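S.K.: Predicted model, plus sequence, below.
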Amino acid sequence: MTGPATTSDVPWDLTFLRVGGVATAAVTAVAVPVVGLTLGWPAALGVLLAAVIVSSFFVLSGLVVAWAGRISDSLTMPAALVSLGVKALLLFPLLSALPEDGWLDRRAVAWSVVVGTVLWTLVHVRWVWTRQLYYVRPPAPVGRSAHDPGENPQPAG
């Protein structure tokens, strides 16, 4: 039997959101004109919409998981799964509500969501692989004692 879930003392690092946003912006800046010139401007608008959808979904998930992790480490997986389920339930009606022959190419949106999801996943995987992750309590920052991380020691006077 395991003990009670504990809250992490280490703040959640969400810098992958910035990296994913920059990568998405760069790919979108190239993809929109290329798709617009080759497949048409409704497809280019679909690429742009998909970039917004995927980015907002990953940002939302990151914030939800970080919020859950501040409450308890054991809540992070359920929070991630629930946010994934909610996003999936929202994405299908959103894509289905788009008109088949309208100002936006539904197929371009759907394929761009897939490409954007792969891009964000690769960014996140690389971010995790390049971070120093601790499986035990990390060392105390310089200037703080290891047993009292929240207070700055005052000299005896």
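M.R.: Perfect, I can see it now.

S.K.: Next, the buried residues of the worst-scoring helix or strand of the chain on mean pLDDT.
M.R.: Ranking every helix and strand in the chain by mean pLDDT, DSSP states H and E puts helix 76-97 at the bottom, with a mean of 88. Judged by neighbour count using 16 or more other CB atoms under 10 Å, the buried positions of helix 76-97 are 76, 79-80, 83, 87, 91. To be clear about C-beta, it is placed using only N, CA and C from the backbone, and glycine gets the same treatment.

S.K.: Also stretch 37-44?
M.R.: For stretch 37-44, the neighbour count (16+ other CB under 10 Å) marks 42-44 as buried.

S.K.: quick revisit: between helix 76-97 and the helix or strand following the least confident helix or strand of the chain, find me the angle.
M.R.: Using DSSP states H and E, the helix or strand that follows helix 76-97 in sequence is helix 106-129. Interaxial angle, helix 106-129 versus helix 76-97 (axes from the mean of the first three to the mean of the last three CA atoms, to 10 degrees): 160 degrees.

S.K.: Check the offset of helix 106-129 from the chain's centre.
M.R.: Here helix 106-129 is found 10 Å from its chain centre; the criterion is CA atoms, centre = their mean, to the nearest Å.

S.K.: Provide the contact partners of it at residue level.
M.R.: 15-16, 19-20, 23-24, 27, 31, 35, 39, 42-44, 46-47, 49-51, 53-55, 58, 91, 95, 98-100 (CB atoms under 8 Å, 6 or more residues apart in numbering).

S.K.: Need the residue closest to the centroid of the chain.
M.R.: By CA atoms, centre = their mean, the chain has its centre lying nearest to F58, at 3.3 Å.
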